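Visitor: here's my sequence, what's the structure:
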Amino acid sequence: MVALSRTKKFNAFSDGLYNDLISVLKKSSVDPSVTVLLVTGDGKFFSSGADLKDPSNNFKPAEDGMTSRNTLDRPAGRFMMELLGYTKVLVAAVNGPAVGIAVTMLLHFDLVYLSNNATLWAPFTRLALVPELCSSVTFEARMGLSKANEMLLLGKKIDAKTAENWNLCSCIFEDVDKGGDAFHPRSIGIRVCDKIEKELLSIPLANNTSKVRKGIHLLL
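Guide: Take a look at the predicted model:
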């Protein structure tokens, strides 16, 4: 289990955080001892999305009108590509509010669990941003055009129950510690770890079967 931990910034994504996650994804993907990677958040937030005050997120267009740095060359783009090609089982334990890329990336996780105080918000239109990480496709595929546009076009913030009804998570964890410590025995991260251990990792040959299942999913 890894926890996003920039609590003073509500776990906002900076170049540093992207690079840390890239390293975790790369190393765990080739580590034979890792079958499942679970991502959660430290503090009250899962993540407040991109850190708009990080200078790396504010770059000027080149003279031809195109951005001076290709998105895929930047840490955010490299993180997205690592996420899309990740070969192990990827699980999210969303402990609180999730914004922007912290929401769009969930559509690429194999399992998503929310605490009952979690909210999902993708306010791209009000920020004059293009929805990232294939969300204009994945949101519609997951919940239909109308609901996808409620989130992406109208910027609707939804609670955990709505997210469950709209097929954005597996289930909601009600009785979790909300003190902010990602590694508290009753945090949603640890609760989900216990669930994965009991229902997947304790099964004989689970490591091999999960790899085959994930491989089929990536091919599709």
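Visitor: quick one: A122 and V99 touch, right?
Guide: Yes. Using Cβ atoms under 8 Å, A122 is in contact with V99, at 7.5 Å. Backbone N, C-alpha and C define where each C-beta goes, glycine included.
Visitor: so for those two, which residue has more residues nearby?
Guide: Shown here are A122 and V99; by other Cβ atoms under 10 Å, A122 has more neighbours (28 against 22).
Visitor: dihedrals phi and psi, the more buried one?
Guide: Dihedral angles phi and psi of A122 (degrees, to the nearest 10) take the values phi -120, psi 80.
Visitor: repeat for S187
Guide: In terms of degrees, to the nearest 10, the main-chain angles of S187 are phi -70, psi 160.
Visitor: what of the one 4 residues further on?
Guide: Backbone dihedrals for R191, given as degrees, to the nearest 10, come out at phi -60, psi -40.
Visitor: Provide a list of residues in contact with it.
Guide: Applying Cβ atoms under 8 Å, 6 or more residues apart in numbering to R191 gives the contacts 93, 173, 176.
Visitor: and which of these is nearest G189?
Guide: Using Cβ to Cβ, A93 is the member of the contacts of R191 that sits closest to G189, with 4.4 Å.
Visitor: number of nearby residues for the closest one?
Guide: Applying other Cβ under 10 Å, we find 30 residues neighbouring A93.
Visitor: my guess is it meets F109, correct?
Guide: No. In this structure, A93 is not within contact of F109 by Cβ under 8 Å, at 10.0 Å.
Visitor: now the common contact residues for those two.
Guide: With contacts taken as Cβ under 8 Å, 6+ apart, A93 and F109 have V39 as neighbours in common.
Visitor: mind jotting down where the helices sit in the protein?
Guide: Using DSSP state H, the helices found in the chain span residues 15-29, 75-84, 101-104, 135-143, 145-152, 160-165, 188-196, 206-219.
Visitor: and the longest one, what does it pack onto?
Guide: Counting contacts by 3 or more Cβ pairs under 8 Å, 6 or more residues apart in numbering; DSSP states H and E, helix 15-29 packs against strand 2-4, strand 36-41, helix 75-84.
Visitor: all set, thanks.
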